[in-house]
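[1] return a 3D structure for these sequence lines:
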Amino acid sequence: MLKYLILVVQNTLTLAVLLSMLASLSRISGEAKQKQGLRAGFIFGTAFALLLAILKSQTVLINREYWNIGILSVAIVSEIFYCVSIWGGLGKIKPAARGNISRAIYFVLTAALVVFVLPDIFLYPGQFLLADESLFSTDFLFKLIGYLAGLSLVFVSGAALSNTGSALPQKIVRGILTIALAVTIVSQVSTILQFLLARRVIPMSKGLFGFIKTTINYSDFFLYAIMAVTALLPVLAWLRSRHPEDNSTNPAGRRKILALAIRQRRWCAVLLAGYVLSIFCLTGVKAYDEREVVLSPAEPMNIVGDEIGIPLESVSDGHLHRFVYTAQDGVEVRFIIIKKNANTDAYGVGLDACDICGPTGYYERGNNEVVCKLCDVVMNTNTIGFKGGCNPVPLAYTMSGGNMVIQTQSLEDESRRFA
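    This is a model prediction of the structure:
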């Protein structure tokens, strides 16, 4: 749940902020063609991003690295043209042609930003059903809730920013948007350079390496910088709403102005709350979600000759039990045992590893849930001991005299998984 909440906020908030600022500036200017370009660019970009997501998931035709380089190159060029246009770069062009050029810039810029971000967002739901999970499983529901919560937080923050910016002078919004785009361009250039260096298209240099290293280590700060500069908008809008211009000549007009000021302050509060929640998701919640899970210690077992004996009474409480066998090559081979149901004598026995995630191990969480440490998938206890998905690799055993008996050779054969 938390994983997808964090991913959605981290990957879409910058897009939401930039699109909201573009919408605010087009609304303030009152240019219909700018609004048309923004709307058409968003629709086209969303449709194209969905197509890319489908092709990536169903075919091998899409190499996202190459696609991203092309999309980011278009985005950078359109961002530069956009900044030039809003600061008077199109002043000498005839009004009709200027409107068409402005619409084209809005279209290309919006489409490029959307196409770069949304394919991965569309692909996230397809990751919910890994390891043969059911659509009706609790784990799937939690992941879906986290995904939708992230989208909701980003959408509300974007809507609040758009409404807040629309109440401010054009010059202020234009300046803040220019700074936000400049920060975005630096991040986009860094992404392109990483690819070109990795493919050895351009030679490595000390200065270039230092730039790439810094941008990678502090990648989240690009988003924080954009949030910080755009946070000036609700502050300024709040101050302006405290003393609104009253040009009305009757009580009804003054009440309307007062109502608009109150509504504006509410949007400011929503935006700041959205930013605070977003930062909390990207810091506190992320730290909690990525905390290191410590596997439970190994329990004692009896080794006689080529057999390991484990008393059933020690593993029949329905909880996860972990054991470690040291193979002849010195590798510690872990395996787990859990009783599947209190009303039966069935046990789930397997290595503390799977064919997908390797030897990262499993741990017990909450109400006797067995969870993969790496991918956070909750196992169906009844399937432990069977092949498939993220289930533990099955381990053969027999029952004898109230003990579970496992052959040491079975563990010797699997030592390579833990080497």
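[2] can you check the pLDDT for residue 135?
    As summarised for this prediction, residue 135 has a pLDDT of 64.
[3] in the stretch 201-350 of the chain, which spans are strands?
    With strands called from DSSP state E, counting those that start in this stretch, the stretch 201-350 of the chain shows them at 302-304, 307-311, 321-326, 332-339, 347-351.
[4] quick one: which of the ones you listed is nearest residue 406?
    Closest of the strands of the stretch 201-350 of the chain to residue 406 is strand 307-311, at 4.5 Å (criterion: CB to CB). C-beta here means a position set from N, CA and C on the backbone, and glycine is covered the same way.
[5] give the buried residues for the closest one.
    Using 16 or more other CB atoms under 10 Å as the test for burial, strand 307-311 gives 308, 310.
[6] okay, the strands of the stretch 201-350 of the chain, which one's buried deepest?
    Compared across the strands of the stretch 201-350 of the chain, strand 332-339 shows the largest average neighbour count, a mean of 23 (mean count of other CB atoms under 10 Å).
[7] which neighbours in the sheet does that one have, and how are they oriented?
    Strand 332-339 pairs in its sheet with strand 321-326 (antiparallel), strand 347-351 (antiparallel), by DSSP bridges.
[8] would TSV of the strands of the stretch 201-350 of the chain with mean pLDDT and distance to residue 414 be doable?
    Below are the strands of the stretch 201-350 of the chain laid out as TSV (pLDDT from 0 to 100; distance: least, CB to CB, whole Å):
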stretch	mean pLDDT	distance to residue 414
strand 302-304	89	16
strand 307-311	91	13
strand 321-326	92	10
strand 332-339	92	6
strand 347-351	90	6
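[9] hmm, residue 382 is touching residue 339, no?
    No - assessed by CB atoms under 8 Å, residue 382 is found out of contact with residue 339, at 11.1 Å.
[10] any shared contact partners between these two?
    Counting by CB atoms under 8 Å, 6 or more residues apart in numbering, the shared contacts of residue 382 and residue 339 are 346, 348.
[11] figure out which of the strands paired with strand 332-339 is closest to residue 54.
    For the strands paired with strand 332-339, the distance to residue 54 is smallest for strand 347-351, at 35.7 Å, taking CB to CB.
[12] coming back round to it: and residue 411, which of the strands paired with strand 332-339 is closest to it?
    strand 321-326 (4.7 Å).
[13] chain center to that closest one: distance?
    Centroid separation for strand 321-326 versus its chain: 35 Å, with CA atoms, centre = their mean, to the nearest Å.
[14] circling back to that earlier point, ok, which of the strands paired with strand 332-339 comes nearest residue 389?
    Comparing these under CB to CB, the one sitting nearest is strand 347-351, at 12.3 Å.
[15] so after that closest one, what's the next helix or strand?
    Going down the chain from strand 347-351, the next helix or strand is strand 362-365, by DSSP states H and E.
[16] chain center to that next one, what's the gap?
    With CA atoms, centre = their mean as the basis, strand 362-365 stands 24 Å off its chain's centre.
[17] and residue 154, which helix or strand is it part of?
    helix 138-165.
[18] and that helix, what's its mean pLDDT?
    Mean per-residue pLDDT for helix 138-165: 91.
[19] now the helix or strand following that helix and helix 138-165, what's the angle there?
    Counting by DSSP H and E, the next helix or strand C-terminal to helix 138-165 is helix 170-198. Angle between the axes of helix 170-198 and helix 138-165 is 140 degrees (criterion: axes from the mean of the first three to the mean of the last three CA atoms, to 10 degrees).
[20] which other helices and strands contact helix 170-198?
    helix 2-29, helix 64-84, helix 206-217, helix 220-230, helix 232-242 (3 or more CB pairs under 8 Å, 6 or more residues apart in numbering; DSSP states H and E).
[21] one more time with 10 Å
    Counting contacts by 3 or more CB pairs under 10 Å, 6 or more residues apart in numbering; DSSP states H and E, helix 170-198 packs against helix 2-29, helix 64-84, helix 95-123, helix 138-165, helix 206-217, helix 220-230, helix 232-242.
[22] ranking those helices by mean pLDDT, which is last?
    Mean pLDDT per stretch puts helix 206-217 lowest among those, at a mean of 84.
[23] mind listing what's buried in it?
    Of all the residues in helix 206-217, those buried under the rule 16+ other CB under 10 Å are 212, 215.
[24] can you show me the CA trace of it as CSV?
    Backbone C-alpha positions of helix 206-217 (Å, rounded to 0.1, in the frame of the first residue of the first chain) are rendered in CSV as follows:
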residue,chain,number,x,y,z
LYS,A,206,35.5,15.0,-14.0
GLY,A,207,33.0,17.9,-14.1
LEU,A,208,30.3,15.9,-15.8
PHE,A,209,30.7,13.0,-13.4
GLY,A,210,30.4,15.4,-10.5
PHE,A,211,27.2,16.9,-11.9
ILE,A,212,25.6,13.5,-12.6
LYS,A,213,26.6,12.2,-9.2
THR,A,214,25.1,15.2,-7.4
THR,A,215,21.8,15.1,-9.3
ILE,A,216,21.4,11.4,-8.6
ASN,A,217,22.2,11.7,-4.9
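[25] hmm, who's touching that helix?
    For helix 206-217, contacts defined as CB atoms under 10 Å, 6 or more residues apart in numbering pick out 186-187, 189-191, 193-194, 196-198, 202, 204-205, 221-222.
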